[in-house]
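[1] quick check, what structure comes out for this input:
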Amino acid sequence: MTKLPADSSRDYARIAEAIAWLHAHRREQPELAALARQLNLSEPHLQRLFMRWAGISPKRFLQSLTLEYARTQLAATRDVLSLSLAAGLSGPGRLHDLFVTLDAVSPGEAKSGGLGLTIRYGVHPTPFGEALIAASARGICKLHFLADGDDPESLLRADWPFATLHADAAATAPLIATIFHAARPTAPLALWVKGSNFQFQVWRALLAIPPGGLTTYRTLAETIGHPRAARAVGNAVAANPLAYLIPCHRVIRESGALGGYRWGLVRKNAIQGWESGGDG
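    I've put the predicted structure just below:
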């Protein structure tokens, strides 16, 4: 993503308020003036703010919230997933694309609770609010959008009770810059996470969904060869430990409704709309 300015995280709180209001009134297709009144901003200021954050106008963002748009994206993305399945891209052991590699924590490493493991972490601004990112020498093991009251170290201890944790924002800042501020990197980011074989099948299928694309739980289940496992797929999507990088925000209900999201539905809307206006 090359469109992101440095102050987009500062804008997010106001943008989130705008998105929540737009989503609530999306069937009415409100004009810019109505949104500006709601936020107590002038129309020019709101337009500039939204363009600075999203790279698109509020009007175009509103289009991304409609059921018609969602259904169009679902249809288009189904074809992409079918091609990916045919090419074997969601198969085990395949390095999925040029952006990330996804590797599993071994059973022994998971059982040890991180004994002997060093994890460096930091909290950084992103286009979608502050986020905790953590990485070991093996790769990124946590990316979590923070809510009020979240304690970064407690979040990491829940996964890695015996690891050595170092708060080291200088070490993790380049990762955040690559994920949210830079063009596509020349080398892939390494992701290193705990999960069952089934969860990894789901997460690899998620990586086949292009930015701006959308899919459903049922389509994901069909893609990984378990057409009757939509509920289990939903559980695997919800267990994703890497916000944004493993794009669980691109999964919605077949009706076009958002479904759930562990980091909040307003943020899910924000990410989907932001991606729909980007250059991928």
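[2] where does the stretch 151-280 of the chain dip in pLDDT?
    Residues of the stretch 151-280 of the chain that meet the criterion pLDDT under 70 lie in 182-186, 278-280.
[3] let's see 90
    177-178, 180-189, 207-212, 223, 254-259, 273-280 (pLDDT under 90).
[4] which residues in it form helices?
    Secondary structure of the stretch 151-280 of the chain (DSSP state H, counting those that start in this stretch): helices at 152-159, 169-176, 197-206, 217-223, 230-238, 265-276.
[5] as JSON lines, the ones you listed with distance to Y69 and mean neighbour count would be great.
    For glycine as for every other residue, the C-beta is placed from the backbone atoms N, C-alpha and C. Formatted as JSON lines, the helices of the stretch 151-280 of the chain follow (distance: least, CB to CB, whole Å; neighbours: other CB atoms under 10 Å):
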{"stretch": "helix 152-159", "distance to Y69": "34", "mean neighbour count": "15"}
{"stretch": "helix 169-176", "distance to Y69": "29", "mean neighbour count": "15"}
{"stretch": "helix 197-206", "distance to Y69": "20", "mean neighbour count": "21"}
{"stretch": "helix 217-223", "distance to Y69": "17", "mean neighbour count": "22"}
{"stretch": "helix 230-238", "distance to Y69": "21", "mean neighbour count": "18"}
{"stretch": "helix 265-276", "distance to Y69": "8", "mean neighbour count": "22"}
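[6] quick one: V266 and I19, what's the gap?
    In this structure, V266 and I19 are 6 Å apart, going by CB to CB, to the nearest Å.
[7] oh sorry, the question was meant for M51
    Following CB to CB, the distance that separates M51 from I19 is 14 Å.
[8] which one of the helices of the stretch 151-280 of the chain lies nearest to H25?
    Among those, helix 265-276 comes nearest to H25, with 12.8 Å by CB to CB.
[9] give me the residues contacting that closest one.
    12, 15-16, 19-20, 23, 53-56, 61, 64-65, 69, 73, 127-129, 145, 211-212, 214, 244, 249-250, 258, 261 (CB atoms under 8 Å, 6 or more residues apart in numbering).
[10] pLDDT score assigned to the residue of the chain most remote from its centre?
    Most distant residue from the mean C-alpha position of the chain: S42, 30.9 Å away (CA atoms, centre = their mean). For S42, the model assigns a pLDDT of 96.
[11] where do the strands of the stretch 1-150 of the chain begin and end?
    All strands of the stretch 1-150 of the chain, identified by DSSP state E, counting those that start in this stretch, fall at 100-104, 118-126, 129-136, 139-145.
[12] G113: neighbouring residues, count only.
    Counted by other CB atoms under 10 Å, the residues lying close to G113 total 13.
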